[in-house]
Structure formats: structure tokens, C-alpha cells
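1. Give me coordinates for this.
(chains A and B)
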Amino acid sequence: MLSKKLLSALLCIVMVLALHVAHAQDRTVTGKVSDSKDGTPVSGASVQVKGTRVGTSTKADGTFSLSVSSSATTLVITSIGYETLEVSIEGKNFVEISFVSSLGTNLNEVVVTGYGTARKKDLTGSISSVKAKDFNKGVVTSPDQLIQGKVSGLQIINNSGQPGVAATIRIRGTSSIRSGNNPLIVVDGIPLSGRTPRPGNSLNNIGASPASNPLVFVNPSDIASIDVLKDASATAIYGSRGANGVIIITTKKPSSGQPTIDVNYTIGTGSIMKKLDVLSGDQYRQALTQYGLTTGDYGDNVNAFDQIIRKTLTHNISVSASGGNENARYRFSASALKDEGIIKQSDLTKYTVGFMGSFKFLDSKKLGLDVMLSTAQVNESVVPITNDAGFEGNLVAQALQWNPTHALIKPDGTYWIQPQFGASSINPLWFLKMYDDQVKSSFILASISPSYKFTNDLEYRMLYSLYQGDGRRYAMVGRQLLNIDRYKDRGLAYIGQGNERTQQFTHTLSYNKQLNSNLNLNAVIGYEYIKFQYTSSGEVAQDFEDIGIKYYDMIAYGSQSSRSVYNYRDPSNELQSFFARAAFNVKNKYLLTATLRADGSTKFGKDNRYGYFPSIGAAWNISNEDFMNSVNFVSNLKLRLGWGQTGNQEFPSGAAQTRFGVSGIGSLSQLNVANPALKWETSSTANVGLDFGILKSRVNFVIDYFSKKTKDVLFERDFPQPGASSAKQWINSPVTITNSGVEIGINADIIAKGDLGWTFGITSAFLKNNLEGLVGTYNTGALHGQGSTGAYVQKLASGYPINTYYLRIFQGIDKTTGQAIYEQDGDVSFFVNKSPNPKFLLGLSTNVQYKKWSLTANMNGAYGHYLYNNTAQSVVPITNLGTRNVAASLINTSVVENTSNPITSSTRFLEKGNYLKMSNLTISYNLGGFAKFIRSSTISLTGQNLFVLTDFTGFDPEVNVDKNIGGIPSLGIEYIPYPTARKFQLSLGLGF
Amino acid sequence: MKQNKILLIAAITFSLTACTKLEEKLYSETTSGSSGGGGGNPASLLQGAYRSLEPLFMDQARVWAATEHSTDEAVGPTRGGDWDDNGIWRVYHNHRWTSEHDYLTATFRQLAQTQFAATTVLDNNPTPQQAAEAKFIRAFVMWHVLDGWDQVPFRATSLGDLTQSLPETKKGTEAADFIISELEAAIPNLPSGAGLGQASKDAAKALLMKVYLNKGVYANRAAPTFSAADMNKVIQYADEILAGPYNLGTNFFDNFAPNNTVIGTELIYTLKADNGAGIGGNGAMFYDFSGLHYNMNPSGWNGFTTLGDFYDKFDATDKRRGGAYTGVTNVTGLRVGMLFGQQYDQNGTPLLDRKGNPLSFTKEVALKETGNNLEVTGIRVMKYPPDLVHQFPWDNDLVVFRLADVLLMKAEAIARGGTGTNVAPYGNTAASIVNYIRTHPTRGVSALGTVDLNAIYDERGRELYWEFWRRNDMIRFGKFLAARTLKPEVSGEERLLFPIPNEQLVINPNLTQNPGY
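-> Predicted coordinates for the structure are as follows:
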């Protein structure tokens, strides 16, 4: 509906524009286009009047001649292998155009470095920049998906297939042993908290729903570039929040010139990428006979899983308009997305509206003002696919387990609420009917940034930003969910509220000057203050009647004894920082960058209010040395060295001081044992990098070696009891976490000739992780489901990688008893020297362009790690035979497993996680301009998650269900997640 | 000039926003146990300490599991796909637990946390009664640590920077003497009578009886000797309690009913469960839920059972072995006590298990059930009649001390060399006391001819099954290590103590691992 409305609105705009386009063509512009390097003419380049479809192409000698209207001011020149160029024709009838090759890496490209920018050739740190044209294509709900597989050393795990769910993002491995391993994300100079205002939902016997993505409010089509700051010499400018790396998202800036409008509409369909193989009704009957079981056949043939999934429809429309003159520019954008989930009843709709303005004042134009306002509304319909469902299972488990011989719906059309094979088994279709969970989140991100140029070299800038996020959640469980006593004949309603607000002041003074012919200085000093606020509250009630009103809409009328309210307002959280950076460039050969940041935080104990984070980076542009002049095949050679210290302060506020909290009506408890010395954790990173370009920079290598040691590791240790009710205490533990590795990125322009272009890119990283100095061991990786209460599979332990597996060792099934055999009778677990941390990450991308056709493919993969399949262990084990369904792989095996073989966590369910996923394949056709008013048009077809090469038997090897224990994160455990969708999308882009 | 103005404006904006002191403010919490105005809020802290007992005693995986699953009264068999839980239940019963056992670790930790919660009351200007109640709570949990682990980590204060300080360790007899002195000091300021959800003089006296009765155990668990002086203390406190309004009532199971604080006549100390006030955690639900089959009403988790050998210790007429209970059996068909054989719904229709077999509980049970009947093995225990009004949580107060326990402790103290005293109607000998209980209409079994220590031990089992006391009793009577049906080997002496959890051992050098672990 909504997209229809938007479409008709757009048509109106188009009509209005068309009226304005009918100008007389009254002059002729001629010119010549030649290669900037060697001056050879460029033929076949497209020359177009900006904002119109008037254009021509260059002849063999590079010349062109074009009739333009009197109002035309700018030409746009494009060609395969060259940077798109805009040339002013005001007052000119002849233009000489020097066309810069886009092959290889453009060393003059601007890279965002945090509180400033730098040319790529001036960089000393390890920074990867991904521009919009290289983003993963197709509709994505969160911007992190745009760069998956695009940056060496960056691992992005889409934790599950649920639209809008949080991703696990790791830059150069895991360097912390508590939550808060995700990098700092900065949007247009505004660092995000990493939290979301969306209230969680954790219902008894149903479980906790997965967290949502904190970037969901960003409109992906507004993004111009994403820069990933990897080593400490780059991230130290973010001080106590830089240790996990920094991802800087820069949105599209207003451009001057005739107003342009870009519209993109995408329609897509999705279906499940992979199903798990459980028995069909007939196979089940066969298995019952084979096992000599007399019960469990109810005569039908049902595939319950197929009943909860669907083919989906996705619409996305985005519009942007931009224009203005040199002194006042604007950009306006809006988008609407409706993304259906492949599980029935789940979807995400998202609306964004953004405005950005850029103004210059005073005669001197020295006073500038940038304003930005971005709003988003995200609505989700969530299904009960939880992280930690117990024996009752979540929706996916219930569908997998449903006895395939038992009908879901009775002949009279009513549901089998309590099936014959077990009254506590839940009919997934009935569960969907009984469960209703709506989340509505709204976001505002606004900033105002005045600036003043004292001289051409010295600029002051202030940034004030406000982020406000409000989340509401309305959930209910129907009273006719008879399978769970908690809800049977009672029902439950829940309303949750979350409210997050962040305010920020940043002042910077930057100085950028060519001091003399040999020395350039680019420096910035600044002050920053950020205040984070967070409140949450909720209401729960039970005992409702079914009278046609949603329980959550009449929550006040639950039974008095069942009604409860909770609320919590986080302790204040403020951050005050001073920072400085100076970058020297001597003769374009020797580069030196030094940064220092002092961070003060309310979180830190009173003995350690401020932390200091220095870094230094140096680079040598070897290819600019005279002795390299003769080495023709090397076009670029740069050696980079960097060292720095960065911090991490992702622990909850209030940990440094003693706190007493309300533990019930009229009841108070001491919550924690204070630690007045508590401070940030410190990572020291050394980085050696080599940038290497050959064959006129058509083949470029970026190789980095890094070693990152994290000390004073923030950790909630076990406290020597007796202690307060949290039982633990936040300390800076004498633990050392080492992450080291090598990253290799290769970009090659294999063919760039006339109409044909072919590029190929590889990103890769070899990673190693180790933990030393931990006192005792700590468990994580909690398992859930039948027979798995209290079981866990991972540990933090000295001498092992983080999250190393700790398991019973499975030795096979005994041929005579059919029971599993374990080392030492299964009474003991062992460190099995396997971990969920990949040893090797790989991203592959390629682009082939022929005339107006373009084909882009992106793949990503990870190797050398192990995943734990909690689904196989607890949801479809052989013990289900006779009542519920079992995995097909358990039947017709050479050794017959006894149906009483206990559900036991062991190496049996530890699987290799190696995979390579065709995450993105796009074919597009550039139709160009047509009619009078359409400047450009592109049509494209995108496939997402087309296939995965893997031996992992779960839904998707790209999985990370949150199975933390006491805030210690787990990694790489699959437990009945929301399955991944394979999607196809058709997209039409129009420019006016 | 213009530049200067702009500089000025910039400077002003800067100074407006610059340099805060970074004081962390709390909103939904407070930095002190004393509320505003310096008045102190020890009453709320005391409530907090009481509430912290709930997860310890109202959860199937804490104190109850440690004190019952390790004995001849209870076992948690693995039933095919159910209840393996990494073997955590089995190792309780077959005495193969280690210092990594998650539930033992959590139990040890939480007992110490309650100790700390009680200490915060003492540190925040309590009234004499509040201080006495806090001391009772502290003594109660310290006694459980002493009884289970022998070494009791202790912090005298909750104040000051505790980051670097380690708790001291009180061991064995020293810990017992400390607990006794704390309780005796507290008694004058405790409220009189029974402690229904709140510490009282009688509650403290019952706990003192436990400490005195076991003092010989804490001196030497493998071969305890009992002094007449200690036994006379047990008798003295018993007699003081027996002077109170307690009697054996009209129905044994009334003491465990949802309204047990109203109709129970034996209750001396209970942990409060009040559905309306949101107090009580899981209440006593786990007792029933852990054993109830999925197809029963209420539907349970089909887990824990008692053992055939234990069931056979009852006479067929013993009402404590169970039967129908009005308000439950006539509503859902569920009986109370021990559930053996075919189970029925309220209409008398026999129930089936999920595989369609008759739901008929058997005496035979194995640590790992593998047969087709794995859902029905083992006799289930429903000591607490379910609260059918409040399906969650229940209103049944959890019973800690009750009359029959006090009487049997007195009988035992006499049998162990204490001097018998006559309190009507119980008589002055071990035999008169035990037989009073046995022949009471609520128990309904005949008197025993001779009442020796073995008879008292068996009577304690029949009376107090699944009430947290079996491990303590078995050790005191020298039965704990003996071979049993599902533990065919005699356990090593080290099993008389639980191992100090590794979690605490590595961070507290004042603890040493118990011998043999």
C-alpha cells in the first residue's frame, strides 16, 4: 500500500520536473577528452549535460561536439576505467578535459580518519575505505551488511536470518572477554552507543528474543562511504573506545548544481536458503517399524516446517533530492522498506526521512553551517524464535519436532492444540496464533555544525548532536496456549519501553598547511563531551479473557496478583575527552602521524578518572624515491609502521562504586562490591603494512601484519565470597589477550579496454587468538533444550583461544547397546583444542562490465573454526522417535542408535564451520537517459545468499546465537535460529 | 574584528559545554544501605536478606539437590533424551561430583552471598530485633556451609574497600561454636514463638539443636562421638520449643499445603511464599514439578524419584507414605506423598505416558533409563499438595523446622547419652517420643518395641523425607558412604564433605581443598 502511495507521489514530481526541462538548445560546446597520465585521447566516453539527458560520446580522437541549452552549466563525463568527472562550461565553448584513470587505487581518494580526512596516499594507519559503488547490492535492513566481505580482517556474522537482528562484528578478532566486542560505530562524526532502545522480550518457558541491530535506523541508500579503522595508529584518536576498531559511516553530502532527484524502487522475493532434513510421515512410519515401536504413528503425512515458512515479498523505495548553489546546498532523502520474513507473521517495515543542509555565510564565506536531521521509524512483527528456549522449544524447534504422521489441523478445521503424542508438545501453527509481538521503534539523529575558517588553513568547527531512540514493545501470549502451565487458561500481556538519548558536543580546530615545498602539516585538536542516557520500563499482567481485544491493549485488566511493573534508569554515563593529531608529510616520501587522546569517564573509578591513549604512525612512499624511477612495473610502493594504545570501556555504569538496589517490595540488597580503581582496558597494537601497486596500479596489494595485546582486561571476575548479590566484581584483570594476524587485500583491474572492464578483488585475513593469565576458568556457551539444562560447551581458560571448546569426547555408538560411548564414561569434559574463532577469513568480489551491462559478485567465507550444533543435539535427537520427529541422518545408519541414548553435549555435535557463501550476485543494465526528463536509469537483478559451500549441517554456517553465561559472550553456537533467506530482487533506479 | 567576535563566540560556546567533573550519578539505585536523611534502612536490607534465601531453598538445583540427591531418598535419573543435563544429577547420587560441579559451586556461593546480605543489615544501624534476625539468617546459611563443606568463608563487615581483602575461614568446631554464640546472643531479641517466614526464638532454638546434635560430626565426620553436654543442650532447647503451641495436627500433609501457615500445626520455621506479594520465588513447586509426569495435572517435568529401597521402609498403613488429599485428588486426580503404581485422573481414568504405556510408576529405577518404560520408572514424591489456585508461584511456605524434627532430635539426643526429660504428651524416653509420633492418627503406624539409633534414623527418613535433612542425618548415623542400589560401591571418606568449588579456591587462598579432592 505504502509503496503504491509513494510511487504516485513520485510520478507527480516527475511530471512537474518535465515541465521545467523543455529548454531551447542554443549553443554548442566542443572539447577533447584525454588521459591525465599520458595525454592519449579517450574515445567512447559519454559526455552529458548534468541534470539532463542531453549528451554524446567522444570520437576516436577524443573530441566531441554538443548542443546545449543556455542554462547548462556542467558536463558529466563518464567512461569505463575512469573516474566520473564534472566540468564547468559556464562561459566556455571549448573544454580540454583531463580524464583520471580509475584503475587500481586512486591515491588521491579521500579517506575519513576520524575528526578529519586524509588523502589515501598520506595515510600511515591501516584504514580500509569502501565507497557506495562497491557496496553489496540489494535491499539490506542494516548498513553493516553493505561491507560484509569487503574489508580484510573484518568479520561480520549475521547472527540469524531474522530481519533487523543484530550482527556480530569483529575487526581483527576477539580482544575482549565480556560483551562489547563490536567496534565503535561513528555516523557523520557522531559515535553511537551500540545499544538500541528496543525493549527485549524474555518470557518464561518461551525464552529471550534476539537483540536488534543498533544501525537499523540508518537508511543504507544515504551512505556514501564506510571507512574501517583497524590499527591503533588509526583508532587511537577514539581513545577509550577505539580498541575494537572503528567503523565510520559517512552519509551522502549535498551537492550543488541543478536539482537532481534519484529514485530507486526494488521488489524482491525470498525463500528459505536451506531446510533441515527431518523425517517425512512415511519415513517416520518406516523408522518406527524398523525400531519396533508400536506407538507414534497417527496416520498422516505432515511437514510442519513447511507450514511455518513462506515465500516473501519485499518492497523498498528510496528517493533523494539534492541541489543548491555554492553557498546553500541541500539533500533530502526518504525511504520505505517492507521486508517480510520467511517465517510467517514476521516482518520489518522501516521508514526514514533525512535532511542535510550545508550553508556558507558572510561575504568572505568563512562561516559555514552544516545541519543534519535523520529520522526513522522501524516496526517489527516478531515471532517466538528465541535464543534459549527450554524443552518446550521455540517455533522452529516445534516445527522440526512435530510428529510428521500427526495432523496440525483436525478434520473439523480446528487446531490440534494438545497433540496425541504429548500434551506438552506445541503445535507451531497454534503457537503463531497465540503469540503476538510487535515492536515499534523511532529514532531521531540530528546535528548542527557551525564552522569558521580563520584562514585558508585554520578552521574551527563545533558539532552538537542529539540522538534519541524510543522503543516500545507489545507482546501477548494467548490463554489457549494450553501446553505451558504458565499461560494455560491465563494468557499474558507485556508492554515494554526503552528510551535512549545521547548528546554530544565536539569542538575541533584544524590546521592544514603546506609549510614549505617539502613539508605539509595536517593537524587537529579537539574537545568532546558525550552524555548517554538510558531508561527502560515495562508492565506485565496475566489472566485475560478472549473478548476480541488484544491483551496488551487491556493490560490494566489483568488479574491484580499477576500485574507487575518494572523500571530502571541507568546510572549517568558521561565521557569527556581531549584529543590532538598531527600528520607531517615530507616531500611526499616520509609521512608521520601522531595522535593523543585523553578520555575521562564517569564509569571509571575515582582513582582512575582519565586515561591517555597515544599512537604514532610512519610511512615511507618508496615509489616516490628517485631510485624507483627506473623500476617501471612498480607504480606504488609504500611501507607503513604504526603503534598505538587504545582502550575499551564497555562495561556497565555503576561498577566502580557500591550500589544498593531494590530486590522486591520493601527489600534492598547490596548489588556489587565497589572497585574504585576500575578503569578502561588497554590494547597495544603494532602494525606493519605494505601497499604495493604494479602495472600502472592495475594490480594493487595491501598487506598488513598486526599484533594486538590487550591488558588490564575488563572482566567481571568471581568475587571471593561472601560478597554482594551480583556475586561478581568488575576488575581490570591481569589477563593478556593476544590477537595477531596477517591481512592481504588484492585488487586487480584485469581488463579495461573499450567497452569491457573486469575487476577482481580479494580480502583475506589469517587470525590467531590467545588468552593468558586468567585466574580460574569461566564457562560460556550455555546450551538449552531438552536434557541440556545447565550444560555449557565453551570456556575462557589461560593458554587457549577465547571461547575454546570444553566438551565430552564422543567415541561413537556402541554396536550392541546403541548407546553413545564417551571418553571416561562421559563424566569428564576436556579441552578439545578447537575454537569457534576462524583462522582465515575470505572475501571475494568481481565486477564485469560490458557496454551497458554490469555483473557483480561477492562471496564471503571463514575457515578453520568449529560450530556447535545445539539444534541437532537437543531438538531432533533419536530419543524423539515414537513421539516427535528426528533428524533424517539418524535413521538408516550402519550402527543403530538406541532411542534411549541420552541427549549429551559432546564432540559429536561439534562441526567444522568452514564456508564460502555467494552472498551477492547482481546483473544490471544501464538504460541511460530517455524521454525528456530522465537523466539516467538502471535496472538490476540481485540474488542474495544464493548458495553456501559448507559441511556444516545446520541452517547456515554464518550463525551466532547468543548463548552467553553471566555476560561472557559465546561464539559460534547454533540453536534453532531464524533461518536464512535466499532472496531475489529486481531494482529500478531513475535519475531526474 | 569580526574574527575576534567569532573567536569570542566560539570560546563562549566552548566554555558552556566544557569540562564537567564526571561524577557518576545513580538513579534506580543508591550508593548506601542507609536511605536519605541518615535514618538508615536496615528493615529493607533485612527483607533483602530473607529474599536471598528463596533461590537457595526454593530451587531444585541448590541446597535441596545437594542434601537429598546424594542420599538414599532421591535420584534424578536420565530418561533417554530428558534429564541428562551433562550428568549433573547422576554424579550427586553416585558420589562422583567434582570441584567443578556447577550446582555445588552455585550453592556454596549463594549461601555465602546470603551471609553477606545479613552482614549488610548489621552494618547499617539495625534495631536490636533486626540485628538478631540478621544474625539468625547468617547463622542458618553458615551452618549449611559448615555442614556441607566444613570451611566457612566469613567476612565480619561489608564496609570498606573489599577489593583486596580476603574473607577469613572458620572451620569445623570453631565455626560451630561461632554459630552457637551468634544464635545464643540473638535469641533474647528475637520475637517469640514460631517463625512463619521470619526468624523467631523457636527457629533459633531449632537451629541450635541442629548445631549441638552435630557438633561431634564437625569434630570428626568419619567417626563422630557425641558428648552428653551437647546432647543435654539439644534436649534443653527441644523442651523450650515443646512448651510452644505445636502439635501433630490432623493431617500430616496440612503442614505442606498451600495454606500451611494457617492449617499446619507443626511449623516452627518456614520460608515465606506469598503469591500476591510476589514473594517466594518458585516456592515449593519444584518438589512436585520435578517428578510429575507430563501427562499429569498439573503437568510436570518427569524427573526426580525416590528409590524402591526407601519406599519399602514404610508400613503400608503409614499415612506419611501418602494418599488422597482433599482439594487436590478430587480435582485433578493427583495424590500426595509417594506416588507408586498406576496414576489416575480425577474421574478415575488411568493415565498413560507419552508413548501410550500405562502411567504406572515403578520401584525400579536406574541412573540411565533406556527401556521403553523410561518415562514411568521411579516412585514420585509430592510432599507439598499443589497450589491449584495460584498456578505460579505457589503459596505453600517452605518448611525448614517443624515439630516432628524437634521431637526426633530430642529422642536421638536421649539415645546418644542425653538425660531424658518429660514433656507431656511425649514422655521422657526415645521410645516414648518416637512411638508417640508413630501412633499418632496422622501417621497411623504401630509402636516399635525397641527404639535404638537405627530405628530413630529410619523414623527420621519416613518423617522428614525430601525435607533437606537426609544427608546430614546419614552422615551423623554413619550411613552416607555405604553402598546402595544405584551406588554399588562404598564411597571414599572424602565424600563426607563436598569439595571446595574451584571457582572460589583459585581466588581465595584462605580456602584449602578438602582432603581427597
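
2. Excluding chain neighbours, what is closest to the residue in the stretch 251-400 of chain A positioned nearest to chain B?
-> Distance from chain B to each residue of the stretch 251-400 of chain A (Cβ to the nearest Cβ) is smallest for A:T295, at 4.3 Å. C-beta coordinates here come from the backbone N, C-alpha and C atoms, glycine included. Among residues not flanking A:T295 along the chain, B:G356 sits closest, at 4.3 Å (Cβ to Cβ, 6 or more residues apart in numbering or on different chains).

3. where's A:G943 relative to A:T759, distance?
-> 20 Å (Cβ to Cβ, to the nearest Å).

4. Likewise for B:Y294?
-> Taking Cβ to Cβ, one finds B:Y294 at 61 Å from A:T759.

5. These two: which has the busier surroundings?
-> Set side by side, B:Y294 and A:T759 show more neighbours around A:T759, with 22 against 19, by other Cβ atoms under 10 Å in any protein chain shown.

6. I'd say that one and A:T846 touch.
-> Yes - shown here, A:T759 and A:T846 form a contact pair, counting by Cβ atoms under 8 Å, at 6.7 Å.

7. Now do B:G80: how many residues are near it, please.
-> Using other Cβ under 10 Å: B:G80 sits among 27 other residues.

8. ditto for B:N189
-> By other Cβ under 10 Å, the residues close to B:N189 number 17.

9. surely it meets B:F136?
-> No - B:N189 is beyond contact range of B:F136, at 10.0 Å (criterion: Cβ under 8 Å).

10. which residues of the stretch 301-450 of chain B score low on pLDDT?
-> Applying pLDDT under 70 to the stretch 301-450 of chain B flags residues B:391-392.

11. how about a cut-off of 80?
-> B:355, B:390-393 (pLDDT under 80).

12. which residues are there in it that come within reach of chain A?
-> B:301, B:354-356, B:368-372, B:374, B:390-392 (Cβ under 8 Å from any Cβ of the partner chain).

13. make it 7 Å
-> Taking Cβ under 7 Å from any Cβ of the partner chain as the contact definition, the stretch 301-450 of chain B meets chain A at B:R354, B:K355, B:G356, B:K368, B:E369, B:T370, B:G371, B:L374, B:Q391, B:F392.

14. Now for those residues, which sits with the most neighbours around it?
-> B:L374 (26 neighbours).

15. ok, the spatially closest residue to it that is not a sequence neighbour - contacts?
-> Of all residues not flanking B:L374 in the chain, B:R79 sits nearest, at 4.7 Å (Cβ to Cβ, 6+ apart). Counting by Cβ atoms under 7 Å, 6 or more residues apart in numbering or on different chains, B:R79 makes contact with B:N302, B:E369, B:L374, B:E375.

16. Check A:N201 too.
-> Counting by Cβ under 7 Å, 6+ apart, A:N201 touches A:S209, A:D437, A:R473, A:A475, A:Y494, A:G496.

17. how much space is there between the residue of the stretch 251-400 of chain A closest to chain B and B:N372?
-> In terms of Cβ to Cβ, A:T295 sits 9 Å off from B:N372.

18. Need the overlap of contacts for those two.
-> B:K355.

19. Now do the same contact list for residue 219.
-> Defaulting to chain A. A:S318, A:S333, A:S335, A:T352, A:G354.

20. ah, I was thinking of chain B
-> Contacts of B:A219 by Cβ under 7 Å, 6+ apart are B:G172, B:T173.

21. which non-adjacent residue is nearest the residue in chain B that chain A sits nearest to?
-> Closest contact between chain B and chain A, by Cβ to the nearest Cβ, is at B:G81 (3.0 Å). Once flanking residues are discounted, B:G81 sits nearest to A:T879: 3.0 Å by Cβ to Cβ, 6+ apart.

22. pretty sure the one you found is in contact with B:T78, am I right?
-> No - using Cβ atoms under 7 Å, A:T879 makes no contact with B:T78, being 10.2 Å away.

23. Assign a three-state SS to the residue in the stretch 751-900 of chain A positioned nearest to chain B, would you?
-> Relative to chain B, the nearest point of the stretch 751-900 of chain A is A:T879 (3.0 Å; Cβ to the nearest Cβ). The three-state assignment at A:T879 reads helix, by DSSP: H, G, I helix; E, B strand; the rest coil.

24. tell me the pLDDT at it?
-> Per-residue pLDDT puts A:T879 at 90.

25. what does B:Q3 give?
-> 58.

26. Would you mind listing what in the stretch 601-750 of chain A touches chain B?
-> A:601-603, A:609, A:653-654, A:657-661, A:663-671, A:673-676, A:718, A:720-725, A:727.

27. Just the buried ones from those residues?
-> A:601-603, A:653-654, A:657-661, A:663-664, A:667-671, A:673-675, A:718, A:720-725, A:727 (16 or more other Cβ atoms under 10 Å in any protein chain shown).

28. Secondary structure element for the residue nearest to B:K233 when sequence neighbours are not counted, which one?
-> Once flanking residues are discounted, B:K233 sits nearest to B:Y212: 4.3 Å by Cβ to Cβ, 6+ apart. Element membership for B:Y212, per DSSP states H and E: helix B:201-219.

29. Could you pull up the mean pLDDT of that helix?
-> Mean predicted confidence for helix B:201-219 is 97.

30. Go through it and flag the buried ones.
-> Under the neighbour-count rule (16+ other Cβ under 10 Å), helix B:201-219 has B:201-218 buried.

31. what ranges do the helices span in the stretch 201-350 of chain B?
-> B:201-219, B:228-242, B:260-263, B:285-289, B:308-311, B:329-332 (DSSP state H, counting those that start in this stretch).

32. Toward the C-terminus, what is the element adjacent to the one helix or strand A:N316 maps to?
-> In this structure, A:N316 sits in strand A:312-324 according to DSSP H and E. Going down the chain from strand A:312-324, the next helix or strand is strand A:328-340, by DSSP H and E.

33. Report the rounded mean pLDDT for that following strand.
-> On average, strand A:328-340 scores 95.

34. strand partners of it, parallel vs antiparallel please.
-> strand A:312-324 (antiparallel), strand A:347-361 (antiparallel) (DSSP bridges).

35. now those strands in a markdown table, with mean neighbour count and mean pLDDT?
-> Listed next are the strands paired with strand A:328-340 as a markdown table, based on neighbours: other Cβ atoms under 10 Å in any protein chain shown; pLDDT from 0 to 100:
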| stretch | mean neighbour count | mean pLDDT |
| --- | --- | --- |
| strand A:312-324 | 20 | 94 |
| strand A:347-361 | 19 | 94 |
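
36. State whether A:G44 and A:S57 are indeed in contact, as I suppose.
-> Yes - the pair A:G44 / A:S57 is scored as a contact, 5.6 Å apart, by Cβ under 7 Å.

37. Isn't A:N327 up against A:G357?
-> No - A:N327 is not in contact with A:G357 according to Cβ under 7 Å; the separation is 11.2 Å.
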